[in-house]
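Asks: my questions are about this predicted structure, shown below with the sequence.
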Amino acid sequence: MNADQGWSTLLAGHPIFSLPKAFSGPSARPTSSLELSSNTLPSFTNVDPTVDALSPSGRRQVMVLKDAELIVAAGHEIRITSLGDAKLSRSTRQTYKTLHTPNIQFEIHQISLSPSGKLLAVAGAFQVAVIVLPRAGFSRLVPETIDCKSVQVGQFYHASSMAAPIAKIEWHPWGEAGSTLMVMTTDGRLREYDISVDTDEPQQILTFIPERRANSIFATDTSEREVASFTLGKGRADWGPLTIYAVTKSGDIYSICPYMPQNASIPTTYVHSLECFISAKQEFLAQGTSAEARNLSTLYDYQHKYVTALIKQLPPGTVFPSVSRSVLIHPPTTIKSPAARQGPFLLQPSPRTLDGSEGGDATDIAYLSFDADDDEGESDGSETEHLGIVAVAFQDGKVDVCLDVEKVEARWETKVPNRDLPMLAVYETIDLGLVSTLNKIAIAQGQAPLLDLLQANHPVLLLDPIHTEAFYVYHAFGVHALNIGSVLQSLAAALRTDDDSGEASLDAALQNSAGTTVQPILTTFSIERKCSNPVVAVTIPNDVYLMYSIFILTSAMRITSFPLNLRAESPHAPSHALPPDKDSERFNQKSYWLTPLEGPPAYVSFLRKNPYTPASALDRSSGLPKLPQLSLPKAAEGSSGFVLTPDSLRYLGDVARELTMQSTAVKLAVKQGDERMKLQQHELTRMCQKAGQMNALIENLKGPRREVTEARLKKIQAEQKTLLGRLDRVLQGMMERASPGISENETKWFEELRRMKGEITGFGRYDDESLVARTRLVCRRASLFNVTQVSEFARVYLQLESEYARLTPSLKELLEKEKRRSDKVAETSQGLGVSQAFEFGERSSSE
């Protein structure tokens, strides 16, 4: 595939994107039922358990990618094709295979691929099933239909007439063999099914919405008791991976921790890191004596007991640190109480309401984490390394971005419920512009307002599998790309400022921090017809054989693709610099000769200290278009085609104004770039001239200046020698005048030293009374005497040795005292004048 040839061109006429069979044949349904308009709004909002139709609103995800294989759900069918064939050869006839699954007799709204890539979970409005996908090479088979094993999941809970609608299905990433499926229903029940064990009964059931009490006098809104979506937490050395977040339609967020699959495959490094985390908190709390510290100590004792049970399940010989590997672990049963539901979360400050909107139900929640995925090494300690962000989407196009500053910890139900509510810091509220767009369109008198279409809007959050700071929101009116890289940079700068200055500087940095970058990339709403084809699927390839891009599918089975750009490094990632070598360390050391002098600098550059950054108008780092592409519903049969209306003119005027502004911004950016280039060229000329002057100065220093300097140094050295000789003579004379002779005490001291030396070594060559001579004589006689005499002489010798050892320290001490006294006298004499030194010498002599 050529670089200028996108997936949109290759997949535009692919038969896998043909409409379901319900829209063909004699009793075909009209294609207008796939459009969201004022006429079809009741079919999107009214959900009938007896009729599982294709149009009801809710979470829609009918397209996934398995390596290079594209899987699409169309009505009751599951279609699969290989994108590698379409990429390598355009001449090959485009075909797809249909998976034969007789057990699936409902309209498919959601599909989810298991972590192993072998199972596909499908869900309708009320029912759930699992399909075993065919092996690689299915495209070479001749039949167009492939028989696949399929089984319905939890028929007693999800296939009855009284069953609650399905809110979301998702595979747990830590499920053993990738077979743990989580099914959330709107009544707040999260059921965990292990497909390899039992598909009828759930292994665990988590309750986010407790049963309503019969005698309760509190009136609650219906939206407060309906769960819209859930997501799994993330983290490395905390309770994040064992936390589940759920959001109700009213926007309340709840969490349950700890939760792990009944048959979980957990990395060993995570278990050891969690143990270190809890032990550190226990040591910190052991220093406190308050009542709150005692309560938390009890909680951490439960947590330590839980983690200890996990560690006991690790294989023998598993130590930390070591290479991480996943091991089979079951939830501990040492704590009989179930995990407590925590919440609702306090959102501080309260999220704002969009202008012109009466509010809407929450539809989806996502958790973004920015720590490193590899467990083999530690991170370099980025400021936002362990930061978590919770994003919540609403029907009216509002997206709340919250910072998880106080992470959830494991809690269990107790007789005395915990009154402390967890908290999320609301960083910003994003407006996707849906309300303002619908309010601009004029409607006929007596027609329902277009804002009513938001009742059938169900925005869904999709995380980018490669760049963690990017995520997408697709809804009934198009797709928006959101990037929080600027938010992470602002938070990192604010945290660095807080470390350097204080709390006031942190507040100021947060007030001036940047917001999330929002960019619409696809619009499906037709201003002329006042209807839209809702987006039903968005997927991003994560395969090396496919180009990094985004696939968008609408309800009319129209595919749109945009190429994305791979960035070498995320904005929040810390720089991994090479270890400094000896040359760089020596260069980084400050030198006296390289320190600039005080005053104006010798050279002033025309360029700024900060590096030049191109204008935002030229920024195409993401690869997405500046203006959203249109994917409008097709005109009805028999219509006269495009009709120019005031709304159409207004839209064209807005697009023309936006294009004009972008064109002007590009021209200004190009002009700015040209000015920068000219400035750099002029600066290069100045630097070359200055470099020439410096080279001439260096040559002068190497030539004539060096000879003059060497001659001057030789003259200075000769004069220095003369001065040193004169100084020695003067000092010698001063010493002789200050202390012409030694004192009486010094004379006695030296005589005592001579006497002691004579006693030890002798006063003459043949002195037999010295200690040395007597010792030698004893040694000679010892060889002639018997053992008794030898022992006697040895005893005498040892006495002599002990006497010598006793006298030696005193002699050394006296010698040291004399040395210190001589040094002190020399220092005193050096600081005196000639007459004073002479007087001091006479007084010392008299003493």
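Replies: Cool, got the structure.
Asks: now stretch 691-709, how far from the centre of its chain.
Replies: 54 Å (CA atoms, centre = their mean, to the nearest Å).
Asks: in that stretch, which residues are buried?
Replies: By 16 or more other CB atoms under 10 Å, stretch 691-709 has no buried positions at all. Yep, even glycine has a C-beta here, placed from its N, CA and C like the rest.
Asks: stretch 173-189 too?
Replies: For stretch 173-189, a neighbour-count test (16+ other CB under 10 Å) marks 174-189 as buried.
Asks: among the residues you listed, which ones are in strands?
Replies: T180, L181, M182, V183, M184, T185, R189 (DSSP state E).
Asks: who are the contact partners of the first one?
Replies: T180 is in contact with W171, H172, W174, E192, Y193, D194, I195, Q203, P261, Q262, N263, A264, counting by CB atoms under 8 Å, 6 or more residues apart in numbering.
Asks: change it to 10 Å
Replies: Each residue near T180 by CB atoms under 10 Å, 6 or more residues apart in numbering is listed here: 114-115, 170-174, 192-197, 203-204, 260-265.
Asks: related to what we said a few turns ago, of the ones in strands among the buried residues of stretch 173-189, closest to T664?
Replies: M184 (48.7 Å; CB to CB).
Asks: list just the nearest of the buried residues of stretch 173-189 to T353.
Replies: T186 (24.2 Å).
Asks: the closest one and F126: what is the separation?
Replies: The spacing between T186 and F126, counted by CB to CB, to the nearest Å, is 10 Å.
Asks: tally up the residues packed near I329, please.
Replies: By other CB atoms under 10 Å, the residues close to I329 number 22.
Asks: oh, and call the first residue 25 from now on, that's how I've got it
Replies: Got it, first residue is 25 now, which makes that one I353.
Asks: what about I465, how many residues nearby?
Replies: 17.
Asks: swap that for F47, sorry
Replies: Around F47 there are 18 residues (other CB under 10 Å).
Asks: wait, doesn't it sit right on S579?
Replies: No - contact criterion CB atoms under 10 Å: F47 and S579 do not qualify, at 11.1 Å.
Asks: which members of the contacts of T204 occur in strands, if any?
Replies: E194, W195, E216, Y217, D218, Q228, A288, S289.
Asks: verify the stated contact: the fifth one with S203.
Replies: Yes - taking CB under 10 Å as the contact criterion, D218 and S203 are neighbours in contact, 5.8 Å apart.
Asks: shared neighbours of these two, anything?
Replies: Joint contacts of D218 and S203 (CB under 10 Å, 6+ apart) are H196, P285, N287.
Asks: which of those sits closest to H354?
Replies: N287 (6.7 Å).
Asks: which residue is the nearest non-sequential neighbour of that closest one?
Replies: E200 (4.0 Å; CB to CB, 6 or more residues apart in numbering).
Asks: same check on L590?
Replies: Going by CB to CB, 6+ apart, L590 has Y572 as its nearest residue, at 5.5 Å.
Asks: and H499, by the same measure?
Replies: Nearest one to H499, counting by CB to CB, 6+ apart, is P483 at 4.0 Å.
Asks: dihedrals phi and psi, the nearest residue to T342 once chain neighbours are set aside?
Replies: With sequence-adjacent residues excluded and distances taken as CB to CB, 6+ apart, T342 is closest to T292, at 5.4 Å. In terms of degrees, to the nearest 10, the main-chain angles of T292 are phi -70, psi -30.
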